[in-house]
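Chemist: Got a predicted model here, sequence first, then my questions.
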Amino acid sequence: MGDVIVAGAGVPLAVRDFGGTGSPVVLLHGAGGSLADMEALGGELRSAYRVVTMDLRGHGRSGDGRWTTDAVLADLDALAGELGLAAPAIVGWSLGGMVATEWARRHPECPGVVSLDGVPAPTRPDQLAGLAPDHAAAELDRLHTAFAAMTVELARSGSRPGPETVEQVRLAMASFDLVAALGAAKCPLLLVLATADLRPQQPFRELYDAYRRGTSAGIARAVAVNPGLRVVELAGATHGMVVDRPERVADLVRAFLADPKGERAGEPAGA
């Protein structure tokens, strides 16, 4: 295993190369995180793959630069080119899962993409299935107030990402159309969904339950139009699945990449 800095699209990228002699897999962390979040999963996968992970721009030890999805995808292209990773599979968690899904829209040659709960936060009352519009709007206001307080605390702590990057990431996530991206993926894609709340989400349980109902309906529409899309609801897993259950997540990744088109009997176990 080795840590290196590679040139991204104008931004130096901190990279951890786990080594391995198998086909290449790139791991992407979530918003506010770093490549360290993917260490356990990388360790689980390294025996079968050439595993690489990186700090997204504006995070960890990578350089700052305007945070847009296009810019991060260009960073990924540059990373693959510099390290000689031919047609890598991409496994992303949370924000990294959204980036991975966008990669799947643009790279039909990719052998497989795995999005680990790469679902944006709710932003509109109509996304909360079963809640009255006024109540849904009030719950969203309460959630956004909590997010804003967390952002202020991060800014005071001086940790990365900084406030400017946080806002750019927020805008990128808010503009991410999950259903459209899933439906338009041009390579095999596995979406692994959390089914339980993290502790900070528990005060918003009604909201998140409603959001899961609404999101499930949209994902079902994407599955209907995209035969390369597979979905697993990971029983009892929270959004923190990559940290809490790296062995289980690694099993899903291995099973999917071994049979990304679902040509063998059965689906990846995970429900």
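Modeler: That came in fine, so what should we check first? Since the structure is predicted, the reported quantities are computational estimates derived from the model, not experimental observations.
Chemist: Can you say which helix or strand has residue 260 in it?
Modeler: Secondary structure assignment for residue 260, by DSSP states H and E: no helix or strand.
Chemist: from memory it sits against residue 114, does it?
Modeler: No. The pair residue 260 and residue 114 does not pass the contact test of C-beta atoms under 8 Å, sitting 9.5 Å apart. From N, CA and C alone the C-beta is placed, and that goes for glycine too.
Chemist: Low-confidence bits of the chain, can you list those?
Modeler: Applying pLDDT under 70 to the chain picks out residues 1, 154-155, 263-271.
Chemist: How far away from the center of its chain is the lengthiest helix in it?
Modeler: Among the segments of the chain that qualify as a helix by DSSP state H, the longest is helix 133-157. Relative to the centre of its chain, helix 133-157 is centred 21 Å away, using C-alpha atoms, centre = their mean, to the nearest Å.
Chemist: for stretch 80-90, same thing?
Modeler: Worked out by C-alpha atoms, centre = their mean, stretch 80-90 lies 18 Å from the chain centre.
Chemist: now stretch 88-108
Modeler: The mean C-alpha position of stretch 88-108 is separated from the chain mean by 7 Å, C-alpha atoms, centre = their mean.
Chemist: Looks to me like residue 3 is in a helix.
Modeler: No. Assessed with DSSP: H, G, I helix; E, B strand; the rest coil, residue 3 is strand; it does not lie in a helix.
Chemist: one step back: list the helices and strands the longest helix of the chain packs on?
Modeler: Using 3 or more C-beta pairs under 8 Å, 6 or more residues apart in numbering; DSSP states H and E as the contact test, the elements touching helix 133-157 are helix 163-174, helix 205-225.
Chemist: Please tabulate these in CSV and include distance to residue 130 as additional columns.
Modeler: Formatted as CSV, the helices and strands packed on helix 133-157 follow (distance: least, C-beta to C-beta, whole Å):
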stretch, distance to residue 130
helix 163-174, 22
helix 205-225, 5
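Chemist: Turn the ones you listed into TSV, including mean neighbour count.
Modeler: Shown next, in TSV, are the helices and strands packed on helix 133-157 (neighbours: other C-beta atoms under 10 Å):
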stretch	mean neighbour count
helix 163-174	16
helix 205-225	16
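Chemist: What strand or helix carries the spatially most central residue of the chain?
Modeler: Nearest residue to the geometric centre of the chain (C-alpha atoms, centre = their mean): residue 97, 1.8 Å. Per DSSP H and E, residue 97 falls inside helix 95-106.
Chemist: moving C-terminal of that helix, what's the next helix or strand?
Modeler: strand 113-116.
Chemist: pretty sure residue 60 is in a strand, no?
Modeler: No. Read with three-state DSSP, residue 60 is coil and lies in no strand.
Chemist: what's the neighbour count on it?
Modeler: 19 (other C-beta atoms under 10 Å).
Chemist: and what of residue 202?
Modeler: Count around residue 202 with other C-beta under 10 Å applied: 10.
Chemist: Is residue 90 located within a strand, as I assumed?
Modeler: Yes. Membership of residue 90 in a strand is supported by three-state DSSP.
Chemist: So for residue 260 and residue 114, which sits in the more crowded spot?
Modeler: Higher neighbour count among residue 260 and residue 114: residue 114, with 30 against 20, using other C-beta under 10 Å.
Chemist: Can you give me the end-to-end span of stretch 106-119?
Modeler: End-to-end distance for stretch 106-119, by C-alpha to C-alpha, to the nearest Å: 19 Å.
Chemist: Show me which residues of it are buried.
Modeler: With burial defined by 16 or more other C-beta atoms under 10 Å, the residues of stretch 106-119 counted as buried are 107, 110-119.
Chemist: Run through who's touching that stretch.
Modeler: 23, 73, 87-101, 103-104, 178, 185-194, 215, 239, 241-242, 249, 252-253, 256-257, 260 (C-beta atoms under 8 Å, 6 or more residues apart in numbering).
Chemist: One more pass at 6 Å, please.
Modeler: Residues from elsewhere that reach stretch 106-119 (C-beta atoms under 6 Å, 6 or more residues apart in numbering): 87, 89-93, 97-98, 100-101, 104, 178, 186-194, 239, 242, 253, 257, 260.
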